[in-house]
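K.L.:
Pasted the sequence and its predicted model underneath.
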Amino acid sequence: MGRKFIDCRAFPSEMNCSITIIADTEAELLDAAAQHAVAVHGHQDTPELRDQLRGAIHDGMPSEAAPSRAA
């Protein structure tokens, strides 16, 4: 099983957050990303938030290039 990641730079943000979260499992990654979204960005931990985060999960390791931010 390979690593998975979510790059916060892919989401629109007033603070231009540059955090990338990496984990071995989707469940671990989703929990960490939801905690980050709540603690840092002030979101509510809802099923909708987790669905959005789930859609941003990538396999492998992040590249050095910043992904484009979603509009």
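P.N.:
That came through, no problem.
K.L.:
which residue ranges form the strands in the chain?
P.N.:
4-7, 20-23, 58-59 (DSSP state E).
K.L.:
other SSEs contacting the second one?
P.N.:
Meaning strand 20-23. The contact analysis (3 or more C-beta pairs under 8 Å, 6 or more residues apart in numbering; DSSP states H and E) places strand 20-23 against strand 4-7, helix 26-39. From N, CA and C alone the C-beta is placed, and that goes for glycine too.
K.L.:
Sketch out the low-pLDDT regions of this protein for me.
P.N.:
Residues of the chain that meet the criterion pLDDT under 70 lie in 1, 64-71.
K.L.:
picking up where we left off before, give me whichever of the strands of the chain is most buried.
P.N.:
strand 4-7 (a mean of 20; mean count of other C-beta atoms under 10 Å).
K.L.:
That strand pairs with which strands?
P.N.:
Sheet pairing here is set by DSSP bridges, and for strand 4-7 it gives strand 20-23 (antiparallel), strand 58-59 (antiparallel).
K.L.:
The strands of the chain into CSV, with extra columns for distance to residue 36?
P.N.:
Formatted as CSV, the strands of the chain follow (distance: least, C-beta to C-beta, whole Å):
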stretch, distance to residue 36
strand 4-7, 9
strand 20-23, 6
strand 58-59, 16
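K.L.:
and of the ones you listed, who's closest to residue 35?
P.N.:
Closest of these to residue 35 is strand 20-23, at 9.3 Å (criterion: C-beta to C-beta).
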